[in-house]
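Undergrad: Sequence plus the predicted model coming up.
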Amino acid sequence: MLLTNAWDRTQRMAALEHFRLDQEEFHDRHEMVVSSFERGKITLEEYLDRTVFYRTRPFTKDAFRDFVYSLSQPFPEVLQFAQGLSDSGKYFMGTINNESRELNYYRIEKYGLRKIFRLFISSCFVGFRKPEKDIYRLALETTQVPAQECCFIDDRSLNLEIAAKLGMHTIEMQEVGQLQADLAKLGVSL
């Protein structure tokens, strides 16, 4: 992956520890609203109101939000590789991801992802989430690229299963060298 996850288990735990929040209480509230949050049906502000700021806290919403944004970190070697593939002009590159609107825009802007990807199929824009079949189907229909000519890359095997069933090549990414080798097997290289 190009970046750390935006607001996944690891990032949530870091925030809970940093702000000394009750994990079970937060988790229960998070599970009730995460689908709406990632589908763009509630804003980051509303999500925070429902999961953290439903009561007075010894820290501000701005401090919490800034910490959440700070958790997004790049994997420079993967970004460089993806930029090289994009710059080659040989490949149509798009992304399918589960992310809230505010975090999605922040990450696209902060890490220059518009220079790499021509299409963003993000759960917050389309209302579907991985691993739902509809998000992959939408990507195929939007690009009009046949599934057998596509390669879907993800770090979770569950997210790869539906893409494979639709006929896409899939790669479970662990690190950049392995990704380069697996893509080379498909004829994709710089």
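TA: In hand now; what should we look at? Residues are numbered from 1 along each chain as shown.

Undergrad: Got the phi and psi for the residue nearest the centre of the chain?
TA: Ranked by distance to the mean C-alpha position of the chain (Cα atoms, centre = their mean), the top residue is Asn97 at 4.0 Å. In this entry, Asn97 is assigned phi and psi values of phi -150, psi 160 (degrees, to the nearest 10).

Undergrad: wait, what's in contact with the closest residue to it other than its chain neighbours?
TA: What sits nearest to Asn97 in space, not counting adjacent residues and going by Cβ to Cβ, 6 or more residues apart in numbering, is Ser122, at 5.4 Å. Bear in mind the C-beta positions are built from the backbone N, C-alpha and C, glycine included. Under the criterion of Cβ atoms under 8 Å, 6 or more residues apart in numbering, the contact partners of Ser122 comprise 95-99, 101, 104.

Undergrad: can you tell me which of these are in helices?
TA: 101, 104 (DSSP state H).

Undergrad: can you pick the most crowded of the contacts of Ser122?
TA: Of all those, the highest neighbour tally under other Cβ atoms under 10 Å goes to Glu99, namely 26 neighbours.

Undergrad: dump the residue contacts of it.
TA: Glu99 is in contact with 6-7, 38, 107, 122-124, counting by Cβ under 8 Å, 6+ apart.

Undergrad: any idea how far it lies from Gln80?
TA: 22 Å (Cβ to Cβ, to the nearest Å).

Undergrad: just to revisit the earlier point, okay but the residue nearest to the centre of the chain is in contact with Asn104, surely?
TA: Yes - taking Cβ atoms under 8 Å as the contact criterion, Asn97 and Asn104 are neighbours in contact, 7.3 Å apart.
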